[in-house]
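# fold the following.
(one chain, ligands or ions: 1)
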Amino acid sequence: KKTLKDMDFKGKKVLVRVDFNVPLKDGVVGDTTRIKAALPTIEYLIKEEAKVLLISHLGRPGGEPKDELRMDPVAKELANLLNKEVKKADDCIGDEVKKAADSLKNGEVLVLENSRFHAGEKKNDPEFAKELASLADLYVNDAFGAAHRAHATTVGVTEYLPSAAGFLMQRELNALGEVMENPESPFVAIMGGAKVSDKIDVIKNLINKVDQLIVAGGIANTFLMAKGYEVGDSLVEADKVDLAKELMTEAEEKGVEIVLPIDVVIADDFSNDANTKTVSVKEVPAGWQILDCGGPQSLENYKKIIKNAKTVIWNGPLGVFEMEKFAHGTVELAKALAESDAHSVIGGGDSAAAINQAGVADKMSHISTGGGASLMFFEGKELPGVAALDDVE
Ligand code: 3PG
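The predicted structure follows:
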């Protein structure tokens, strides 16, 4: 794919798709990670004297303007980080926006309004894409986190503008690509999270690549059930039990060890105030639910596996880590990864948040800015937002 180095930006209007879908708290940006991650591309374009138009979605406004999802707090945070004036438009298409784009001087930055205020964004409506494209001369996609979406700002616009991948996009594709194509073994994947249905394709693909697959989090319950254990009131997907059995058989045939929890933290209610105890997975009583796979024996086993690993990928928490009582396993896993010498790649979303919560972000080889996007990558599929970019001739 073309990259920034393949384009000449001087005096050009460049539409840059970034993933500024960040958490907002009381009208300010709650986590600046994604904005910081886009700075190398933005700073490069400023240095190259481009006129920089930034476009992103924020939240899920459902195709119409919602004041609480405007990009103003993001533009403000970006101005702080760049230490430079950042302009902000109140829409992302239309005459006013066009005027604002045309009056930009070289090296100036304009943040466009939330792309999802228009229904055409998610529908990848060609008319909407064309209007957006008419603002600029060139298109750069630096939004790895949104590259699994085939929307107007990630795919549609590439029909109308010469396109290239930004530095963050490149960095993500290299880091994730390397681990999937050339992992040093033992290669261990840790899959957590709530829903089996979200992880089936990932597990299917990883079974062909890894040596050991730790299945934890809510998804472990369905696998435990497939093994014949009682899981009480735990979240299970009963219609996926057979599939879990098939996956375990397939893994066994391929010599891949599926590692399930040994002991777990259970609760009598889905609440941080619940009564809790730690039990063997063989002894989960009726009326109780598994909310953290990180019992001491499970953790000891995970640590042993991680210590021996040369490559580890991790996606999804081991328990309901938003509740303090059930965060222990996830945080301990993050710490174990920090202590290991393995090449460690962390899928975005909750696992990245857990790494931050444990204060060990600087100990990881790569933390992806993409949640759904990194998952799709681990599924071995091509991301639509990447596929759409121009190839080097
Ligand atoms: C993300 O946060 O994973 C991306 O920004 C995509 O957001 P979406 O799931 O609302 O499309």
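
# could you use CA atoms for every contact and neighbour count after this?
OK.

# what's in contact with the lowest-mean-pLDDT helix or strand in the chain?
Lowest by mean pLDDT, DSSP states H and E among the helices and strands of the chain is helix 350-357, with a mean of 88. Helix 350-357 is contacted by residues 314-317, 321, 330-331, 334, 346, 361, 367-368, 371 when judged by CA atoms under 8 Å, 6 or more residues apart in numbering.

# get me the contact residues on the chain for the ligand.
Within the chain, the positions near the ligand by CA under 6 Å from any ligand atom are 19, 21, 59-60, 145-146, 370-372.

# so how do I select the buried members of those residues in ChimeraX?
To isolate in ChimeraX the members of the residues of the chain next to the ligand that are buried, counting by 16 or more other CA atoms under 10 Å, one can use:
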select :19,21,59,145,146,370,371,372
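
# spatially, which two of the residues of the chain next to the ligand are the most separated?
60 and 370 (16.3 Å; CA to CA).

# walk me through the domains of this structure.
Split into domains by automatic domain parsing, the chain comes to 4-169, 176-378.

# just to revisit the earlier point, give the pairing partners of whichever helix or strand comes after the least confident helix or strand of the chain; include direction for each.
Next along the chain after helix 350-357, taking DSSP states H and E as the criterion, comes strand 366-367. If you go by DSSP bridges, strand 366-367 pairs up with strand 343-346 (parallel).

# could I get the full set of helices for the stretch 201-350 of the chain?
Per DSSP state H, counting those that start in this stretch, the stretch 201-350 of the chain carries helices over the ranges 218-226, 241-253, 296-308, 328-339, 350-357.

# now what about the second one, what contacts it?
Looking back up the chat, that one is helix 241-253. By CA under 8 Å, 6+ apart, the residues outside helix 241-253 that reach it are 203-204, 207, 222-223, 225-227, 257-258.

# now do the residue of the stretch 151-300 of the chain found nearest the ligand against residue 335, distance only.
Proximity of the stretch 151-300 of the chain to the ligand (CA to the nearest ligand atom) peaks at residue 151, 9.2 Å away. Distance of residue 151 to residue 335, computed by CA to CA, to the nearest Å: 37 Å.

# same question for residue 222.
Relative to residue 335, and taking CA to CA, residue 222 is found at 26 Å.

# and stretch 350-359, what's buried?
For stretch 350-359, using 16+ other CA under 10 Å, the buried residues are 350-355, 358.

# which one of these is nearest to the ligand?
Relative to the ligand, and with distances defined as CA to the nearest ligand atom, the nearest of those is residue 350, at 10.2 Å.

# tell me which of the domains of the chain lies nearest to residue 390.
Across the domains of the chain, closest to residue 390 is domain 4-169 (CA to CA), at 5.5 Å.

# of the contacts of helix 241-253, grab the buried ones for ChimeraX.
The buried residues among the contacts of helix 241-253 can be selected in ChimeraX (16+ other CA under 10 Å) with this line:
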select :203,204,207,222,223,225,226,257,258
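
# rebuild the contacts of helix 241-253 as CSV, extending it with distance to residue 376.
Output for the contacts of helix 241-253, formatted as CSV (distance: CA to CA, whole Å):
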residue, distance to residue 376
203, 11
204, 12
207, 15
222, 22
223, 22
225, 26
226, 25
227, 27
257, 23
258, 21
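
# quick one: which two of the contacts of helix 241-253 are the most distant?
207 and 225 (20.0 Å).

# contacts only, for residue 201.
residue 379 are the contacts of residue 201 under CA under 8 Å, 6+ apart.

# that one and residue 207: what is the separation?
10 Å.
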